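> attaching a predicted model along with its sequence, questions to come.
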Amino acid sequence: MGVSEQKLWEFLRRGRFGVRFRRQHPVGPYVLDFYCPQCRICVEVDGEHHLLRVDRDSQRDEYLASLGVLTLRVPSLDLFDEAGIGFAAFLTELQRQIELRRPPDPPPPA
């Protein structure tokens with residue numbers, strides 16, 4: 001795990017969003033950087049090498065979408081600037097998607 005992934009993991013593992021994430025979680029032929037099974041959200045940290053594999057990443061995202069998994073991507077450089085707009089915008093979008101995709105709580109017993 002790279003430095004940027006470790007930094008994000010330290011944030012996600014604290015459960016600030018009220019859901020649990022797994023790291024390096026296998027799904028089919030892929031290993032997801034971070035995965036929330038409850039909401040079916042994958043978070044991928046994209047380093048510079050992803051600029052050279054846009055088609056591969058697109059195929060991967062399509063495969064995951066066919067399984068009902070949403071992929072959110074964050075550039076690794078955004079993770080080093082916690083006060084920056086990129087990191088804040090990513091966290092806002094992640095929170096929004098968690099709220100949209102979180103299954104409702106079961107009703108209390110009658």
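Yep, that arrived.
> select the longest helix from the protein.
Counting by DSSP state H, the longest helix found in the chain is helix 85-101.
> what packs against it?
Under the contact definition 3 or more Cβ pairs under 8 Å, 6 or more residues apart in numbering; DSSP states H and E, helix 85-101 sits against strand 41-46, strand 70-75. C-beta here means a position set from N, CA and C on the backbone, and glycine is covered the same way.
> what packs against the next helix or strand after the first one?
Per DSSP states H and E, strand 41-46 leads on to helix 54-66 as the next helix or strand towards the C-terminus. Here helix 54-66 is seen to pack against strand 30-36, strand 41-46, strand 70-75 when contacts are counted using 3+ Cβ pairs under 8 Å, 6+ apart.
> now do the residue most central in space within the chain against residue 11, distance only.
In the chain, the residue lying closest to the centroid (Cα atoms, centre = their mean) is residue 43, at 1.7 Å. As for residue 43, its distance to residue 11 is 10 Å (criterion: Cβ to Cβ, to the nearest Å).
> do residue 22 as well
In terms of Cβ to Cβ, residue 22 sits 15 Å off from residue 11.
> for residue 77, same thing?
Distance from residue 77 to residue 11, by Cβ to Cβ: 16 Å.
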